[in-house]
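> Curious how this folds, go ahead:
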Amino acid sequence: MKKVSVVAGVIINEKKILCAQRCQNNLNYISEKFEFPGGKIEEFETNEQCLKREILEELSLKINITDFYMLVNHIYPDFELNMRVYLCSCKSRNVILKEHISCKWLSLKNIPDLDWAEADLPIVRKLLVDKII
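Predicted coordinates for the structure are as follows:
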């Protein structure tokens, strides 16, 4: 089974968390699901460099990475995902969607209401327990 390593950011601005909705995809189990944005790590790139680059490329948003938050290992039907998740902040909520079909800035209590990709659900659960904002 193919293994994929990615990074993702829990991006916070004024007590709201950025939730991004994936585009339509031929993999129905992730198609149009919400996720914490990020992407695949390129060769010779640190996790932090990758996360900043991916968020800038996909959302035109500059972020500050504040801390490593958690590691998620999830097995989808077609691949195994290893996702390193970081807590991030940003100064603006001005997002330009380039890879996603929508995004929402939500308070912690509202994030469980979204249709999340399965690999992102452990992050949602941990955020609700930790109450970081």
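
> Every contact and neighbour count from this point should use C-alpha atoms.
OK.

> what about Phe44, how many neighbours?
Neighbour count for Phe44, taken as other Cα atoms under 10 Å: 8.

> repeat for Arg84
There are 20 residues near Arg84, going by other Cα under 10 Å.

> Neighbouring strands - and their directions - for the helix or strand hosting it?
Following DSSP states H and E, one finds Arg84 within strand 79-89. The partner list of strand 79-89 in its sheet, established with DSSP bridges, is strand 2-13 (parallel), strand 64-75 (antiparallel).

> out of these, deepest packed?
Among the strands paired with strand 79-89, strand 2-13 has the highest mean neighbour count (mean count of other Cα atoms under 10 Å), at a mean of 20.

> Pull the residues that contact that one.
Residues from elsewhere that reach strand 2-13, judged by Cα atoms under 8 Å, 6 or more residues apart in numbering: 17-18, 36-41, 47, 50-51, 63, 78-93.

> Isn't Leu108 up against Lys126?
No. Between Leu108 and Lys126 there is no contact under Cα atoms under 8 Å: 10.9 Å.

> more crowded one of the two?
Set Leu108 next to Lys126 and count neighbours by other Cα under 10 Å: Leu108 wins out with 16 against 13.

> And the pLDDT for the more buried one?
Here the pLDDT value assigned to Leu108 is 95.
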